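In: pasting the sequence and the predicted model now:
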Amino acid sequence: MQALLALSRAIDRLNAFIGKYSIWLIFLATFVSAANAIVRKVFDFSSNGFLEVQWYLFAWSFLIAAGFTLLHREHVRIDVVNSRLSKKTQVWIDIIGFAFFLTPLCVTILWLSMPVVMQMYHSGEMSGNPGGLIRWPVWAAIPVGITLLLLQGISELIKRIAFLTGDGPDPMGKLSDKSAEEELAEALRAEAERKEAEAAAAMAAPAKH
């Protein structure tokens, strides 16, 4: 079990890293959109390539962050019912969901998408729009993103089994992406605020008398 937990931690680190930096793809998409608008207004020039780059970047950011979303339990859940159940029952529901729904779905998508991506890569299929881009780079986001989601599902499954066997912590506990330096800075800031409050209270005490 310890080896599996080590694998789970490695997967968590991978998706945490990718999810943390995938936001830059949104920034690039925004930058391309703004640049396209400026060029179109100033130079009266535009291209479908600019528009397609935007949704290429958005597709990549959305898909590769799917594992990160699952890691932080930000996916859609029916908490109205789930929250009324015991922790053990909640964990069992997750185990069934990961093992019999998420994993088969991811495997099926990979099975169906990989031949399409390879075909597009070898054929060099282009967009049907004038000035459009080659298609395979955006389609490649599907197997990459689904692989990351599948790995995170395996990680979550390991954590829940470890919890049931008493080998791991509560998988529903609070997560934190903060580094040790960020946590230290927050602790120091909280301590400074506490001292300021105490000093203010001490100064106000004589005034009351």
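Out: Great, that's in hand. Being a predicted model, the structure only gives us computed values, none of them experimental. Numbering: from 1, shown residues only.

In: got a list of what the residue nearest the centre of the chain touches?
Out: Centroid check for the chain by CA atoms, centre = their mean gives residue 68 as the closest residue, at 2.5 Å. By CB atoms under 8 Å, 6 or more residues apart in numbering, the contact set of residue 68 is 15-16, 18-20, 22, 148, 152. For glycine as for every other residue, the C-beta is placed from the backbone atoms N, C-alpha and C.

In: most neighbours among the residues you listed, which one?
Out: Within these, most neighbours by other CB atoms under 10 Å means residue 152, with 26 neighbours.

In: before we move on, back to that, for the helix or strand that the residue nearest to the centre of the chain is a member of, output the C-alpha coordinates as PDB.
Out: According to DSSP states H and E, residue 68 maps onto helix 66-71. In PDB, the C-alpha atoms belonging to helix 66-71 read as follows (Å, rounded to 0.1, in the frame of the first residue of the first chain):
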ATOM      1  CA  ALA A  66      -9.300  18.200 -15.700                       C
ATOM      2  CA  GLY A  67      -7.000  16.100 -13.400                       C
ATOM      3  CA  PHE A  68      -6.200  19.200 -11.300                       C
ATOM      4  CA  THR A  69     -10.000  19.800 -10.900                       C
ATOM      5  CA  LEU A  70     -10.500  16.300  -9.700                       C
ATOM      6  CA  LEU A  71      -7.500  16.600  -7.300                       C
END
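
In: just to revisit the earlier point, and the contacts of residue 68 as CSV, adding pLDDT, distance to residue 126 and secondary structure?
Out: Listed next are these as CSV, based on pLDDT from 0 to 100; distance: CB to CB, whole Å; DSSP: H, G, I helix; E, B strand; the rest coil:
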residue, pLDDT, distance to residue 126, secondary structure
15, 93, 32, helix
16, 91, 36, helix
18, 92, 28, helix
19, 89, 31, helix
20, 87, 33, helix
22, 89, 26, coil
148, 95, 27, helix
152, 94, 33, helix
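
In: which of those residues sits closest to residue 8?
Out: Nearest to residue 8 out of the contacts of residue 68 is residue 152 (CB to CB; 9.4 Å).

In: where does the nearest residue to residue 69 once chain neighbours are set aside fall, phi/psi-wise?
Out: Of all residues not flanking residue 69 in the chain, residue 75 sits nearest, at 5.6 Å (CB to CB, 6 or more residues apart in numbering). The phi/psi pair for residue 75 (degrees, to the nearest 10) reads phi -80, psi 170.

In: how far away is residue 1 from residue 164?
Out: Distance from residue 1 to residue 164, counting by CB to CB, to the nearest Å: 11 Å.
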